[in-house]
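1. got a predicted model here, sequence first, then my questions.
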Amino acid sequence: MSFKENILSSFLALENEVNTDSYVHELRSKALSDFESKGLPLRKDEAYKYTSLKSLFNKDYSFFPKEEAAISYGDIKQYLMHQIDAYRVIFIDGIYSSHLSQTTHDKFDVCLMSSTLNNPKYASVIENYYNKLAGDDSLTSLNTAFAREGAYIHIPKNVHVEKPIEIVNFSTGNEASLMLQPRNLVVVGENSQVQIIERQQSLTENATLTNSVTEIFADKRSMVDYYKIQNDLTTASLIDHTTVEQKDNSEVRLHTFSFGGALTRNNLTFYQRGEHCNSVLNGVTIIGGKQHVDHSTLVHHTAPNCESFQEYKQIFDDRSVGVFNGKVLVDKVAQKINAFQQNNNILISDKATINAKPQLEIFADDVRCSHGCTIGQLDEDALFYMQSRGIGKKEARALLMFAFANSVLESVKIPEIKTRITKLIANKLGVEIGFDL
Amino acid sequence: MLKVKNLHASIDGKEILKGINLEVNAGEVHAIMGPNGSGKSTLANVIAGREEYEMTQGEISLDSADLTELDPEERAHRGVFLSFQYPIEIPGVSVTNFIKTAINETRKAQGKDEMPAKDMLKMLRDKSELLEIDRKFLSRSLNEGFSGGEKKRNEIFQMAMLEPKLAILDETDSGLDIDALRIVANGVNKLRSKDNATIVITHYQRLLDHIIPDFVHVLYNGRIVKTGGKELAHQLEERGYDWIKEEVEA
């Protein structure tokens, strides 16, 4: 069965299970026809010039698991921020797991998307925000067509959410190959604050393809810290679409840590729609083997007096491939903005590749925009210096690489995440030294 | 302690060292002097195990153990320390963490447990006082933005922390003003004992006014062409290297 045929039959199957007489289902039907007319992105599309999705879509994916997998807390504990108290929205093969999750409707809502889609209580939020921000590219349409589950996070104004919120999508491998379409909606009211951690994790080596869409609305004076931990098995691939809208004086910091996965494509878009916004887009990528990580970012400044900072530190070993496609767009009205973009890459092996393409489009005349891009190797003199002090070559390399990436870790606010990421980096680099720099 | 026999070494196919013989015993200070390009830094780097230099002939041993096949870190674990002429800047790694990692990696290699944090702190405090180093300096990124003098002082500070058997100081005096020179020399002298040895590589005699050598060797064109006591350094200071060159070429 071709991917297209598979989509049609899967959509019919979906219609048997969901309420087809709803606002969201109208969106689904429209998105399906949008996807059909656009088709999958190809290498000839500028946005996918360096990332071919061909190998991902030649498998016969199941869109929905036939049965619910039995997973216990012990099976997944290691993938959670289990040392700290957190709200959790957990999905197993795309199905919400109530016994693993910890949701709330107390002062704010942290729950599963499906419970809100047909509930009149949430209708106004869904109608005002759902699918209002997500792009119109074909894979986002594909997600909109099939999305039925994900995290729903709505923080009304003046709430400081103390505990972080974890969103984790596990795949069990019960299906030979599974395609997941998680859909998250995050609405943060005026003066409110929230911290969110998101992760995709396969539990076996059966192929998983996740096509995820997340919309984040940050109202005036709100603060959002969002962490994406991408450390999946190399049989899993991820195409992520995350779009952020910011109003006056809001701060949104989004960190992406990419260590795992076969192919990872991050489409990250920020719209600044208010004055004095601050946007931070940070990333650390450390990959090897035949892994491929693509960061395609867009920061669109539509208002004056705002700032945006992008810093991506990346290390590529073996035959791994990286793409950094960072675009900053400054509208004519967006005067007095400060947009900064930095992309530093280290190639450990002669066979590794980075395709870096910074793009600045500036229509305002009184702005500060800077970008820098470097590609280098590890400094041999520094390695010898460290070795001569008794630090083994492997450890010296790891220390240099960690130091290289460390500036990005400094902006991580949750200490447990910092510790966790530090450990993941040490594991990835194959050393046991502590990096309390 | 250190025995170097008939050492030949080259870089990019060019022979720099052409048969060096040198024996350094515990408790001794040896000075190696010589004009630019005579091979002084090469000798220091070859003893420390730098891979870019190819050792084509000869032997290097420390306490009768052959060093020639060992990696730089393994030599360090056996007590070799090289103070760099141009210390490397390592942004993102603090002085303290670097030293801590170096000490604990060395202890691990020697089959010892990590140094307890309390002992490490005391040692950091004592040794930073010895070298008149401000404590704030310890949390800065290694050598990043340090002045020439601070870099050299930091090298000797690391040496004090690592307590090597054989310390090789490569042009430690270059870039030092008179006060810094005194502090560094004082540090080196306080660390001297009957169990360790020091090789001082220098261009000028002034460091040797502070660190008094037992032997002075003159390196010229890849060979040690003259060896004497501390008075040889004075002679070189007065007369330059030309007379040595003439002697050799005669």
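-> Structure's in. What do you need? Numbering: from 1, shown residues only, chains lettered A, B, ... in the order given.
2. contacts and neighbour counts: CA atoms only from here.
-> OK.
3. what residues does chain B have near chain A?
-> B:48-50, B:72-77, B:81-82, B:87-94, B:97, B:101-103, B:105-106 (C-alpha under 8 Å from any C-alpha of the partner chain).
4. among those residues, which are located in strands?
-> B:Phe81, B:Leu82, B:Ile90, B:Pro91, B:Gly92, B:Val93, B:Ser94 (DSSP state E).
5. CSV for those, including neighbour count, pLDDT and distance to A:Ile346?
-> Converted to CSV, these look like this (neighbours: other C-alpha atoms under 10 Å in any protein chain shown; pLDDT from 0 to 100; distance: C-alpha to C-alpha, whole Å):
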residue, neighbour count, pLDDT, distance to A:Ile346
B:Phe81, 29, 97, 29
B:Leu82, 24, 97, 28
B:Ile90, 22, 91, 15
B:Pro91, 17, 87, 15
B:Gly92, 20, 84, 15
B:Val93, 25, 88, 17
B:Ser94, 21, 89, 21
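6. just the closest of these to chain A, please.
-> B:Gly92 (4.5 Å; C-alpha to the nearest C-alpha).
7. the closest one is in contact with A:Glu410, isn't it?
-> No. B:Gly92 is not in contact with A:Glu410 according to C-alpha atoms under 8 Å; the separation is 10.5 Å.
8. which positions in chain A make contact with chain B?
-> So far as C-alpha under 8 Å from any C-alpha goes, chain A lies against chain B at A:381-382, A:384-393, A:399-400, A:403-404, A:406-407, A:433, A:436-437.
9. make a PyMOL selection of the buried ones in these.
-> Selection of the buried residues among the residues of chain A next to chain B in PyMOL, burial being defined by 16 or more other C-alpha atoms under 10 Å in any protein chain shown:
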select buried, chain A and resi 382+384+385+386+387+388+389+390+391+392+393+399+400+403+404+406+407+437
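10. grab the CA positions of the helix or strand containing A:Gln200 and hand them over as PDB.
-> Take DSSP states H and E as the rule and A:Gln200 turns out to sit in strand A:193-202. What follows is strand A:193-202, C-alpha atoms only, in PDB (Å, rounded to 0.1, in the frame of the first residue of the first chain):
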ATOM      1  CA  GLN A 193       4.900  31.300  34.100                       C
ATOM      2  CA  VAL A 194       5.400  27.700  33.100                       C
ATOM      3  CA  GLN A 195       8.200  25.200  32.400                       C
ATOM      4  CA  ILE A 196       7.600  22.300  30.000                       C
ATOM      5  CA  ILE A 197       9.800  19.300  29.100                       C
ATOM      6  CA  GLU A 198       9.000  17.300  26.000                       C
ATOM      7  CA  ARG A 199      10.400  14.000  24.900                       C
ATOM      8  CA  GLN A 200       9.800  11.200  22.400                       C
ATOM      9  CA  GLN A 201      11.100   7.800  23.400                       C
ATOM     10  CA  SER A 202      11.000   4.400  21.700                       C
END
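11. report the beta-bridge partners for residue 167.
-> Picking chain A for this. A:Val89, A:Glu198 (DSSP bridges).
12. oops, wrong one, chain B.
-> B:Phe81, B:Thr198.
13. and the closest residue to chain B within the stretch 201-350 of chain A, bridged to which residues?
-> Of all residues in the stretch 201-350 of chain A, the one sitting closest to chain B is A:Lys313 (13.1 Å; C-alpha to the nearest C-alpha). Listed by DSSP bridges, the beta-bridge partners for A:Lys313 are A:Val284, A:Asn344.
14. can you give me the neighbour number for it?
-> Residues near A:Lys313, counting by other C-alpha atoms under 10 Å in any protein chain shown, number 23.
15. residues contacting it?
-> A:Gly283, A:Val284, A:Thr285, A:Asn343, A:Asn344, A:Asn345, A:Phe404, A:Ala405, A:Val408 (C-alpha atoms under 8 Å, 6 or more residues apart in numbering or on different chains).
16. surely the fifth one meets A:Thr374?
-> Yes. A:Asn344 sits in contact with A:Thr374 when judged by C-alpha under 8 Å, with a separation of 4.8 Å.
17. which of these two has more residues huddled nearby?
-> Per other C-alpha under 10 Å, whichever of A:Asn344 and A:Thr374 has more neighbours is A:Asn344, with 19 against 11.
18. report the contact partners of the more buried one.
-> Here A:Asn344 is in contact with A:Tyr312, A:Lys313, A:Gln314, A:Gly372, A:Cys373, A:Thr374, A:Ile375 (C-alpha under 8 Å, 6+ apart).
19. just the buried residues of the residues you listed.
-> For the contacts of A:Asn344, buried by 16+ other C-alpha under 10 Å: A:Tyr312, A:Lys313, A:Gln314, A:Cys373.
20. I'd like the average pLDDT over stretch A:218-235.
-> For stretch A:218-235, the mean pLDDT works out to 97.
21. repeat that for stretch A:314-331.
-> Rounded mean pLDDT across stretch A:314-331 is 96.
22. next one: stretch A:184-195
-> On average, stretch A:184-195 scores 98.
23. same check on stretch A:68-75?
-> 87.
24. could you pull out the helices for chain B?
-> In chain B, the helices defined using DSSP state H lie at B:40-48, B:72-77, B:95-109, B:117-130, B:148-162, B:178-191, B:230-239, B:242-249.
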